[in-house]
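Peer 1: Sharing a sequence plus its predicted fold:
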Amino acid sequence: MAYKKALTATLITLFTATSFAYENEVKVMIKGDQRCITSNGTPNHAIGQFPTRGNPHQFQSQTIQVCVDATPKKSNKVTRRTRGSGISITGIIFRPGTAEWYDEYSPRMFSKRRSSGWNLEGMGPDNTLGMDHENAHVDNRGMYHYHAVSPSLVAHLKNSLIGYGADGFEIHYIGEKAKSSWQLKSGTRPTKPYGTYDGTYNQDYEYISELSDLDECNGMIHNGNYTYFATNTYPFFPRCFVGNVSSDFIHRR
């Protein structure tokens, strides 16, 4: 893609101190009213060894390119179904949601069939989907993506900005200073798989506005601007959006 105007352009090259050396390359540019982030899909830190238990896929370096609003504005609707939360400043997709649902007829007890109504949470207590030490794993195309905050990503930050939401609003991480307004429900699930609400499924959680200043999308007005926050607890990243979501997060990449 040819870019006419660059507000910022960065190139980061880092190697991990493990037996696996990975190179992170990312460019952030402005094209018209869009902020476009292009990377090789490789993080700036060591990753887990894949395939692994719960994740049969192998990591593949690949071109990631997404564009979001450079000057986002709140719209009159909330968008809830997207293919990701946003992208890190290092060019790795934030994608906390999963395509897996409880399925009593599957040998793994989950599949792509939605009929049960219980959507598997990637950061569930049993690490069913094989997250590594950076709260990430790879999909069937080998694309490495974060389901929750990466400790190594935030350890190297110069400020709290970790990336941009699917609608262009900034995503920041300030640790326990930002607390989610979501919590586990009390009681037990009314249908199969039954059992206590323990965070295995997205439907185990409920939004309680009084719990914190963050709204249901993990955002709030901060320093005069609407801002999303990554949190240490569910939903980890925004899973709904108040601005105009980029088509890059609607259509399959």
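Peer 2: Cool, the structure landed. Numbering: from 1, shown residues only.

Peer 1: wait, isn't C36 in contact with D69?
Peer 2: No. Using Cβ atoms under 8 Å, C36 is not in contact with D69; the gap is 11.0 Å. Yep, even glycine has a C-beta here, placed from its N, CA and C like the rest.

Peer 1: shared neighbours of those two, anything?
Peer 2: Here C36 and D69 have no joint contacts, going by Cβ atoms under 8 Å, 6 or more residues apart in numbering.

Peer 1: what's R35 in contact with, if anything?
Peer 2: Here R35 is in contact with L7, V28, M29, C67, V68, D69, A70, Y164, G168 (Cβ under 8 Å, 6+ apart).

Peer 1: no, scratch that, I was asking about S85
Peer 2: So S85 contacts F94, R95, P96, G165, A166, I171, F237, P238, R239 (Cβ under 8 Å, 6+ apart).

Peer 1: Look at the first one and report its pLDDT.
Peer 2: At F94 the predicted local confidence, pLDDT, stands at 98.

Peer 1: surely it meets I87?
Peer 2: Yes. If you go by Cβ under 8 Å, F94 and I87 touch, sitting 6.6 Å apart.

Peer 1: Find residues that contact each of those two.
Peer 2: Common neighbours of F94 and I87 (Cβ under 8 Å, 6+ apart) are G163.

Peer 1: and those two? which has more neighbours close in?
Peer 2: More neighbours surround I87 than the other of F94 and I87, with 32 against 29 (other Cβ atoms under 10 Å).

Peer 1: and that one, helix, strand or coil?
Peer 2: strand (DSSP: H, G, I helix; E, B strand; the rest coil).

Peer 1: What strand or helix carries T233?
Peer 2: Counting by DSSP states H and E, no helix or strand carries T233.

Peer 1: one step back: so of the contacts of S85, which ones are in helices?
Peer 2: Of the positions in the contacts of S85, not one sits in helices, assigned by DSSP state H.

Peer 1: Now distance to D132 too, for those residues, in a markdown table please.
Peer 2: Formatted as a markdown table, the contacts of S85 follow (distance: Cβ to Cβ, whole Å):
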| residue | distance to D132 |
| --- | --- |
| F94 | 15 |
| R95 | 14 |
| P96 | 15 |
| G165 | 24 |
| A166 | 23 |
| I171 | 21 |
| F237 | 17 |
| P238 | 22 |
| R239 | 21 |
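
Peer 1: Tell me which strands the host helix or strand of V28 pairs with, and in which orientation.
Peer 2: Using DSSP H and E, V28 falls within strand 26-31. Its sheet considered, strand 26-31 pairs with strand 34-39 (antiparallel) by DSSP bridges.

Peer 1: for the strand it pairs with, which positions count as buried?
Peer 2: Residues of strand 34-39 classed as buried: Q34, R35, C36, I37, T38, S39 (neighbour count, 16 or more other Cβ atoms under 10 Å).

Peer 1: mind listing what the spatially closest residue to the third one that is not a sequence neighbour touches?
Peer 2: This means C36. Excluding its sequence neighbours, the residue lying closest to C36 (Cβ to Cβ, 6 or more residues apart in numbering) is C67, at 4.2 Å. Counting by Cβ under 8 Å, 6+ apart, C67 touches K31, Q34, R35, C36, I37, S246, D248.

Peer 1: do K185 as well
Peer 2: K185 neighbours (Cβ under 8 Å, 6+ apart): Y197, D204, Y205, E206.

Peer 1: Out of the contacts of R35, which is nearest to R189?
Peer 2: Y164 (35.2 Å; Cβ to Cβ).
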